[in-house]
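Enquirer: Show me the folded form of this:
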Amino acid sequence: MKLCFLLPSFLLLSTTLAAAAKPDVVILDATAVRNLRIETTVVESADFEETVFALGRIEPLPGSVAAVASLISGRVAALTALPGDTVTAGAEVIRIESRQPGQPSPVIGLHAPLSGLVTRLDVRLGDPVEPDRALLEITNLDEVLAIARVPEHEAGRIPPGATAHIRLAAWPQRSLQGRLLRFGTAADPAGGTLDAVFSVANPDGRLRPGMRAEFSIVVAERPDVTAVPRDAIQGPPTDRHVYVKDFDLLHAFIKTPVVTGQGNDRFVEIVSGLFPADEVVTRGAYALSFAGAGSVSLKEALDAAHGHAHNDDGSELGGTPGQPTDAGPDHDDHGASHPALPWIIATGVLTVALIVNLLRQRAVRR
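Expert: Now for the predicted structure:
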């Protein structure tokens, strides 16, 4: 008697859970996909970097800054290089008219001691000059230092020669690579940080002293970790989800719950919810959260995918609306994805276990 009452109730509960696990589907047309600029990437297992985040700045290398000064007293007769100009070593940058008598007065040229960018000019045309005064500054920026202010409690995790992914406020989408040279000689007691000094190549000269930078310093690597780009993860911490491109329906994206692990500056570890070869939305994922059911109905999407008409709810035309048909694998559960499968398996296992347990109790009582 108990079996008759409990089994239908249990099956009803299992069916409810399986229905709740069925993900939402957003179906768009080609125009909406273009407007939202949807981009996707295939889920793969790869090496995952554990990182430490820090803020910092760009500075020139020691020895890469040079001053230009006159050996004689006089006045500035010509300026042949101005701030922002790039000069080569040996090029004339200033001309000085000497105070020594002569008709005309002797004029000498001052030359760049190294190649680089003119970063400062401290005189004007006609200004008097003396030998103890620096007139112009040149900085070589082929290689620069990126100095990260690392929290003291994280500094011990950074190995010698560590790599850092560096992003600048000026170019947030561009990532640079830096190599750890050394730590600072003293910690900052006010901020509780220790400087970590990285060398960064700057072949195009776009990095300038004083620029603000963000650092993701690699402290460890783990192999064979399933991860997706950070842009793919949506929702609050209690409801993390991604949008998976449907294998069957054109321009259809399935809202799929995931459990996340560690994250770094580029990727977030996926503990469960996705499988290799799933194609997740990266760019445009946030916009999909507000797309509702999309701009194309399930019926229209299935008609286009399978080449024949369906009911409004996606069931086969001529069958009972809302009921699945035996037309083949393409019609098992339109719009559903693998997150519902564990519920179905669990339902079957628990049902069998319940039946066996009740039969055993009945046999004992006899």
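Enquirer: mind checking pLDDT for the residue nearest to the spatial centre of the chain?
Expert: With distances taken as Cα atoms, centre = their mean, the residue of the chain nearest its centroid is Arg266 (3.2 Å). pLDDT, Arg266: 86.
Enquirer: next one: Gly294
Expert: 49.
Enquirer: re earlier: pretty sure the residue nearest to the centre of the chain sits against Arg230.
Expert: Yes - look at Arg266 against Arg230 with Cβ atoms under 8 Å: they come within range, at 6.5 Å. Just so you know, the C-beta spots here come from the backbone N, C-alpha and C atoms, and that holds for glycine as well.
Enquirer: Which SSE is immediately downstream of the lowest-mean-pLDDT helix or strand in the chain?
Expert: Ranking every helix and strand in the chain by mean pLDDT, DSSP states H and E puts helix 2-21 at the bottom, with a mean of 41. Next helix or strand after helix 2-21 toward the C-terminus (DSSP states H and E): strand 25-27.
Enquirer: Centre of the chain to that next one, how far?
Expert: From the chain centre to the centre of strand 25-27 is a distance of 25 Å (Cα atoms, centre = their mean, to the nearest Å).
Enquirer: Residues in a beta bridge with Ala196, which ones?
Expert: Legend: beta-bridge partners of Ala196 under DSSP bridges are Ala148, Phe183.
Enquirer: What's the separation between it and Glu50?
Expert: Plainly put, Ala196 is 16 Å away from Glu50 if you go by Cβ to Cβ, to the nearest Å.
Enquirer: These two: which is more packed in?
Expert: Neighbours were counted for Ala196 and for Glu50 using other Cβ atoms under 10 Å; Ala196 has more, 26 against 16.
Enquirer: Retrieve the pLDDT associated with the more buried one.
Expert: 97.
Enquirer: doesn't Pro159 make contact with it?
Expert: No - under the criterion of Cβ under 8 Å, Ala196 is not in contact with Pro159, lying 11.3 Å apart.
Enquirer: For Arg266 and Arg230, list the residues in contact with both.
Expert: Overlap of the contact sets of Arg266 and Arg230 (by Cβ atoms under 8 Å, 6 or more residues apart in numbering) is empty.
Enquirer: so where's the stretch 101-250 of the chain uncertain?
Expert: Low-confidence segments of the stretch 101-250 of the chain (pLDDT under 70): none present.
Enquirer: wait, the stretch 251-366 of the chain
Expert: For the stretch 251-366 of the chain, residues meeting the criterion pLDDT under 70 lie at 292-347, 349-350, 352-354, 356-366.
Enquirer: So what does Pro62 look like in phi/psi?
Expert: In terms of degrees, to the nearest 10, the main-chain angles of Pro62 are phi -60, psi 140.
Enquirer: so what's it up against?
Expert: By Cβ under 8 Å, 6+ apart, no residues touch Pro62.
Enquirer: Quick check, pLDDT for it.
Expert: Note on Pro62: pLDDT of 89.
Enquirer: now swap in Thr80 and tell me
Expert: Listed pLDDT for Thr80 reads 93.
Enquirer: ok, now Thr51?
Expert: So, for Thr51, pLDDT stands at 92.
Enquirer: wouldn't it be in contact with Glu214 here?
Expert: No - in this structure, Thr51 is not within contact of Glu214 by Cβ under 8 Å, at 11.1 Å.
Enquirer: what do the two both touch?
Expert: With Cβ under 8 Å, 6+ apart, Thr51 and Glu214 have common neighbours Asp265.
Enquirer: the more surrounded of those two?
Expert: Between Thr51 and Glu214, counting by other Cβ under 10 Å, Thr51 is the more crowded of the two (23 against 18).
Enquirer: Name the next helix or strand following the helix or strand where the more buried one lies along the chain.
Expert: For Thr51, the element it lies in under DSSP H and E is strand 44-60. Later in the chain than strand 44-60, the nearest helix or strand by DSSP H and E is strand 65-69.
Enquirer: list the helices and strands that next one packs on?
Expert: Where contact means 3 or more Cβ pairs under 8 Å, 6 or more residues apart in numbering; DSSP states H and E, strand 65-69 is packed against strand 107-111, strand 134-139.
Enquirer: now do 6 Å
Expert: strand 134-139 (3 or more Cβ pairs under 6 Å, 6 or more residues apart in numbering; DSSP states H and E).
Enquirer: Paired strands for the strand it packs on, with orientation please.
Expert: strand 65-69 (antiparallel), strand 116-121 (antiparallel).
Enquirer: Same list as before, those strands that is, but in TSV and with mean neighbour count and distance to His251 included.
Expert: What follows is those, written out as TSV (neighbours: other Cβ atoms under 10 Å; distance: least, Cβ to Cβ, whole Å):
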stretch	mean neighbour count	distance to His251
strand 65-69	16	56
strand 116-121	18	50
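Enquirer: Let's have the ones you listed in JSON lines, adding distance to Leu274.
Expert: Shown next, in JSON lines, are those (distance: least, Cβ to Cβ, whole Å):
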{"stretch": "strand 65-69", "distance to Leu274": "51"}
{"stretch": "strand 116-121", "distance to Leu274": "48"}
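Enquirer: Compare those strands and give me the one nearest Pro276.
Expert: Proximity to Pro276 (Cβ to Cβ) singles out strand 116-121 among these, at 48.2 Å.
Enquirer: now Glu154, what's its secondary structure?
Expert: Of the three states, Glu154 takes helix according to DSSP: H, G, I helix; E, B strand; the rest coil.
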